[in-house]
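> Task: produce atomic coordinates for the following.
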Amino acid sequence: MLRVGVSRQQYQRLESKGNPRLDTLQLLAKGLNSELMLIPKEKLGGVMALLEQESSDSDRMHVSQAKKTSNEDAKKSLSDDPWQDLLGDES
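Below is the predicted model of the structure:
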């Protein structure tokens with residue numbers, strides 16, 4: 001309520017009755033650091049596919065970055081201890 005910038009009474013009315021005005025929805029979106037968008041029904045499938053593609057691309061990027069970080073960590077530890085695992089010990 002405080003982040004959105006509406007009165008307690010207005011917020012309670014919104015929660016209990018719903019059906020807010022467009023400007024109230026815009027305030028809520030802004031308070032939630034979001035964007036309010038109206039998407040035509042015939043374009044909704046395309047928008048959803050694009051969002052899913054971006055999400056999977058982002059997931060792949062995170063996995064790739066994690067592997068890179070893991071490899072860098074392995075290289076660092078090997079440079080710190082060049083004898084690491086040479087004799088088959090775990091330390």
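> so which helix or strand takes in Leu33?
If you look again at residue 33, you'll see it is Asn, not Leu. Counting by DSSP states H and E, no helix or strand carries Asn33.
> Can you list phi and psi of it for me?
phi 50, psi 50 (degrees, to the nearest 10).
> Okay, helices next: where are they in the protein?
Ranges of helices in the chain, per DSSP state H, are 8-17, 22-31, 41-80.
> between those, which gets the lowest average pLDDT?
For the helices of the chain, the stretch scoring lowest in mean pLDDT is helix 41-80; its value is a mean of 73.
> Tell me how many other residues surround Asp57.
For Asp57, the tally of surrounding residues (other C-beta atoms under 10 Å) stands at 10. Yep, even glycine has a C-beta here, placed from its N, CA and C like the rest.
> Okay, domains of this protein per the record?
The chain breaks down into these domains under automatic domain parsing: 1-38, 44-80.
> ok, now how distant is Leu51 from Ile39?
Note on Leu51: its distance to Ile39, by C-beta to C-beta, to the nearest Å, is 11 Å.
> Quickly list what's touching both of the two.
Common neighbours of Leu51 and Ile39, using C-beta atoms under 8 Å, 6 or more residues apart in numbering, do not exist here.
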